[in-house]
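Colleague: Predicted structure and sequence below. I'll ask about it afterward.
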Amino acid sequence: MWIVANKIIDMSKIRKAIKFYCNGKSKLFISKYLSLSRNTVKKYISLFEVLGLSFEVINEKTDTELELLFSHTTMESISPKLQILYNFFSKM
């Protein structure tokens, strides 16, 4: 389970979201079908893309392993635009 905005998200929903995305479904469809917010769907799909893993690798992981994988990535990953901004203010 993963808590986002005071809601518990089951890793099976995240796994399904990634599966739908890999099968070409839109983020809006995934959001409505799984009853997740669009921002949550975008977040996990972005993390999935940053990790560069295939759906098969994600599907083989247990819920606990997925939680660890996504929780470590959220702390370390920032958007490329934000990184460019940080580079401008490197001494701050």
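Modeller: The structure has been received and is ready for your questions.
Colleague: Which other helices and strands does the host helix or strand of residue 39 contact?
Modeller: For residue 39, the element it lies in under DSSP states H and E is helix 38-51. Using 3 or more CB pairs under 8 Å, 6 or more residues apart in numbering; DSSP states H and E, the elements in contact with helix 38-51 are helix 11-22, helix 27-34, helix 63-76. C-beta here means a position set from N, CA and C on the backbone, and glycine is covered the same way.
Colleague: As CSV, the ones you listed with distance to residue 40 would be great.
Modeller: Output for these, formatted as CSV (distance: least, CB to CB, whole Å):
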stretch, distance to residue 40
helix 11-22, 8
helix 27-34, 8
helix 63-76, 11
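Colleague: For the residue nearest in space to the middle of the chain, give me its contacts.
Modeller: With distances taken as CA atoms, centre = their mean, residue 44 lies nearest the centre of the chain, 1.3 Å away. Counting by CB atoms under 8 Å, 6 or more residues apart in numbering, residue 44 touches 14, 17-18, 70.
Colleague: Which two of these have the greatest separation?
Modeller: Largest separation among the contacts of residue 44 by CB to CB: 17 and 70, giving 11.6 Å.
Colleague: Looking at these two, which has the bigger crowd around it?
Modeller: residue 17 (25 against 18; other CB atoms under 10 Å).
Colleague: need the contact list for that one.
Modeller: Taking CB under 8 Å, 6+ apart, one finds 30, 34, 36, 41, 44-45 in contact with residue 17.
Colleague: Let me have those in a markdown table, extended by distance to residue 85.
Modeller: Formatted as a markdown table, the contacts of residue 17 follow (distance: CB to CB, whole Å):
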| residue | distance to residue 85 |
| --- | --- |
| 30 | 30 |
| 34 | 33 |
| 36 | 29 |
| 41 | 25 |
| 44 | 24 |
| 45 | 23 |
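Colleague: Now for these: which two are most distant?
Modeller: 34 and 45 (12.0 Å).
Colleague: residue ranges with poor pLDDT in the chain?
Modeller: For the chain, applying pLDDT under 70 flags the ranges 1-8, 72-77, 90-92.
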